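*Asks:* I would like to see how this sequence folds:
(one chain, ligands or ions: 1)
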Amino acid sequence: MNLNGAPVIAIDGPSASGKGTVAQRVAASLRFHYLDSGALYRLVAYTAMQSEVDLTDEAALSDISRDLNVVFTGAKILLKGEDVADAIRAEICSNGASKVAAYPQVRSALLGRQRAFRQVPGLVADGRDMGSVVFPDAVMKIFLTADAETRAQRRYKQLMEKGIDANISTLLQDIRDRDARDSNRSVAPLQKGADASLLDTSALNITQAVDEVLRRYGEICAKPA
Ligand code: DC
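*Replies:* Residues are numbered from 1 along each chain as shown. So this is what the prediction gives:
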């Protein structure tokens with residue numbers, strides 16, 4: 001079986017754009033596998049912080065990336081057997097992930113692990129460099145975004161629903177800082193590739209965004225080879 005032949009839908013975009021939820025639902029609808037690549041960077045930051053490794057120590061971070069003992073199973077993310085799915089969503093891990101993700105050695109240590117998710121019948125992968133670096137031959141590349149204010153509002157609502165206190169202007173500032181860090185780094189920066197199609201969800205709800213991705217994929221599949 002040629003696993004490399006499995007189609008990949010790459011969904012890249014900035015923090016809190018809703019791409020994770022959209023990608024998961026698209027994957028479920030197509031019965032494809034799903035890769036949350038941001039979770040890997042979050043796991044590296046989480047592990048480093050747990051073991052008091054400095055977030056500027058590239059060599060140590062790259063060892064952590066290579067040795068991550070992680071299993072994704074449904075909504076669970078088992079790190080050495082412990083479910084850390086919620087823990088790695090904390091703002092401290094979001095900021096840490098954005099820092100460790102700037103290191104080339106960390107990115108290359110995670111490359112093979114990400115590509116291994118490509119299996120039949122297909123994969124929906126979300127992140128920042130899915131279409132540009134990890135799966136450059138993806139059949140469809142979407143750059144999914146929304147304006148920073150809308151993203152801050154969405155994150156605020158999510159946190160409130162979980163009973164977590166938050167401040168909208170702090171969230172907006174965090175999103176802007178992270179956008180700047182993710183877009184300005186020298187390796188695999190967040191940017192829309194020329195071969196990616198833009199999907200701005202500022203005025204769309206999740207269902208509309210999912211339907212639009214599926215519609216675009218249907219169009220690609222319907223084209224004669
Ligand atoms: O998608 P996310 O918010 O879970 O990602 C967390 C951080 O990881 C984000 O600041 C950017 C980084 N990231 C990356 O550099 N490349 C990816 N493919 C995915 C995430």
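*Asks:* Tell me how many other residues crowd D179.
*Replies:* D179 has 18 neighbours, counted by other Cβ atoms under 10 Å. No exception for glycine: its C-beta is placed from N, CA and C like everyone else's.
*Asks:* Just give the nearest non-adjacent residue to it, would you?
*Replies:* The shortest distance from D179 to any residue other than its chain neighbours is 5.3 Å, reached at P14 (Cβ to Cβ, 6 or more residues apart in numbering).
*Asks:* again with L55
*Replies:* Nearest to L55 is K99, by Cβ to Cβ, 6+ apart, at 5.0 Å.
*Asks:* Is the strand or helix carrying that neighbour in proximity to the ligand?
*Replies:* Taking DSSP states H and E as the definition, K99 sits inside helix 91-100. Yes. Shown here: helix 91-100 in contact with the ligand (Cβ under 6 Å from any ligand atom) through S94, A97, S98.
*Asks:* which among these gets closest to L43?
*Replies:* Distance to L43 across those (Cβ to Cβ) is lowest for A97, with 8.4 Å.
*Asks:* Just the pLDDT for the closest one.
*Replies:* You'll see A97 listed with a pLDDT of 95.
*Asks:* For it, give me its contacts.
*Replies:* Applying Cβ atoms under 8 Å, 6 or more residues apart in numbering, we find A97 in contact with G38, Y41, R42, V44, A45, I88.
*Asks:* Tell me the most packed of these, by neighbour count.
*Replies:* Counting neighbours by other Cβ under 10 Å, V44 leads the contacts of A97 with 29 neighbours.
*Asks:* what helix or strand does that one sit in?
*Replies:* helix 37-50.
*Asks:* and this structure, which residues reach the ligand?
*Replies:* So the chain meets the ligand at 15, 37-38, 41-42, 94, 97-98, 101, 127-129, 178, 182 (Cβ under 6 Å from any ligand atom).
*Asks:* just the strands in this protein please.
*Replies:* When assigned using DSSP state E, the strands of the chain occupy the ranges 8-12, 33-36, 70-73, 76-79, 82-83, 123-127, 140-145, 197-200.
*Asks:* Include mean pLDDT when you put those into CSV, please.
*Replies:* Listed next are those as CSV, based on pLDDT from 0 to 100:
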stretch, mean pLDDT
strand 8-12, 98
strand 33-36, 97
strand 70-73, 94
strand 76-79, 96
strand 82-83, 96
strand 123-127, 97
strand 140-145, 96
strand 197-200, 95
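*Asks:* any chance of these in JSON lines, with mean neighbour count and distance to A116 too?
*Replies:* Putting the strands of the chain into JSON lines (neighbours: other Cβ atoms under 10 Å; distance: least, Cβ to Cβ, whole Å) gives the following:
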{"stretch": "strand 8-12", "mean neighbour count": "28", "distance to A116": "12"}
{"stretch": "strand 33-36", "mean neighbour count": "21", "distance to A116": "9"}
{"stretch": "strand 70-73", "mean neighbour count": "12", "distance to A116": "11"}
{"stretch": "strand 76-79", "mean neighbour count": "16", "distance to A116": "16"}
{"stretch": "strand 82-83", "mean neighbour count": "11", "distance to A116": "21"}
{"stretch": "strand 123-127", "mean neighbour count": "28", "distance to A116": "10"}
{"stretch": "strand 140-145", "mean neighbour count": "24", "distance to A116": "20"}
{"stretch": "strand 197-200", "mean neighbour count": "15", "distance to A116": "26"}
